[in-house]
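Undergrad: Sequence first, then the predicted structure:
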Amino acid sequence: MLTEIRDRSSGAFAYFIAALIIVPMAFWGVNEYANPQVVPTVLEVGDIKITKQELDQRLSQAQDAERQRNPELGESDFFNSDFFKRSVLNSLIDRALIEQIAVDNNYRVGNTELAALIRKEELFQT
């Protein structure tokens, strides 16, 4: 059967099919077809997408910050509670909404204003 296909596949059509297969493989490789990198979106706020990776990273940061404030929490179930996860998600939504409003209204912060805000912020004081 394969010899029959080989015998019939000659000429411009065969070269076209071969090029159709070879060109994408040359540019993107087999890995793109075997393991597509799909980033799951958890939430969309306007034009801003919040991915699962961003949510997980923010949850981890919030857990670390809460452990620093309350060391007695340790590995408690509080961090796995719906309340904690929802509060982190709500903070991401709030941040995305503020960012979307700032972009929509063309809000900008000048260098001098930014420098003054940084000087006031405790986190940047040494």
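TA: Structure's in. What do you need?

Undergrad: roughly how far apart are residue 112 and residue 123?
TA: For residue 112, the distance to residue 123 (C-beta to C-beta, to the nearest Å) stands at 20 Å. Every residue, glycine included, has its C-beta placed from N, CA and C.

Undergrad: Comparing the two, which residue is more hemmed in?
TA: Of the pair residue 112 and residue 123, residue 112 is the one with more neighbours under other C-beta atoms under 10 Å, namely 8 against 5.

Undergrad: host element of the more buried one?
TA: According to DSSP states H and E, residue 112 maps onto helix 111-120.

Undergrad: Can I get that helix in CSV, CA atoms only?
TA: Taking Å, rounded to 0.1, in the frame of the first residue of the first chain, the C-alpha atoms of helix 111-120 are listed here in CSV:
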residue,chain,number,x,y,z
ASN,A,111,9.1,61.1,37.3
THR,A,112,9.1,63.6,40.1
GLU,A,113,5.8,62.4,41.5
LEU,A,114,7.1,58.8,41.3
ALA,A,115,10.3,59.7,43.0
ALA,A,116,8.4,61.5,45.8
LEU,A,117,6.1,58.5,46.3
ILE,A,118,9.1,56.2,46.5
ARG,A,119,10.9,58.4,49.0
LYS,A,120,7.8,58.3,51.3
